[in-house]
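1. Model the following, please.
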Amino acid sequence: MISRSLSSGVALAYLTAAYFLGGGIGVLRMMGFLALPMACIWFGEAMGAYTGYFAGHGITTTTPGCIVTFGGWLLLALPLVVGVFWYLSR
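-> You can find the predicted model right below:
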């Protein structure tokens with residue numbers, strides 16, 4: 001539950017920043033980006049248990065949910081890391 005609350009707060013901060021920096025289009029783009037990391041964080045166990053085909057590739061083994069959640073957090077941190085590097089390079 002803590003992970004869901006923290007990720008929601010981070011996502012809300014990203015959406016707010018996207019609105020002020022890019023308007024409605026920025027918010028829509030950010031929502032598109034946030035879909036995968038939020039799904040990985042919120043539903044890591046279910047996504048890790050999936051086997052079958054995805055994007056034309058076969059998934060034959062399961063992945064521990066904690067690894068999927070960790071990957072979701074890495075993706076969620078990506079805009080912050082890029083923003084810091086962009087700000088420092090100015």
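2. Now do stretch 19-39: distance to the chain's middle.
-> Average the C-alpha atoms of stretch 19-39, do the same for its chain, and the two points are 11 Å apart (CA atoms, centre = their mean, to the nearest Å).
3. got the contact list for residue 59?
-> 50-53 (CB atoms under 8 Å, 6 or more residues apart in numbering). Bear in mind the C-beta positions are built from the backbone N, C-alpha and C, glycine included.
4. 7 Å instead, please
-> Neighbouring residues of residue 59 by CB atoms under 7 Å, 6 or more residues apart in numbering: 50-52.
5. What of residue 7?
-> With contacts taken as CB under 7 Å, 6+ apart, residue 7 has the following neighbours: 38, 41, 76.
6. Below-threshold pLDDT in the protein: ranges please.
-> For the chain, applying pLDDT under 70 flags no range at all.
7. what are the ranges of the strands in it?
-> Using DSSP state E, the strands found in the chain span residues 52-54, 57-59.
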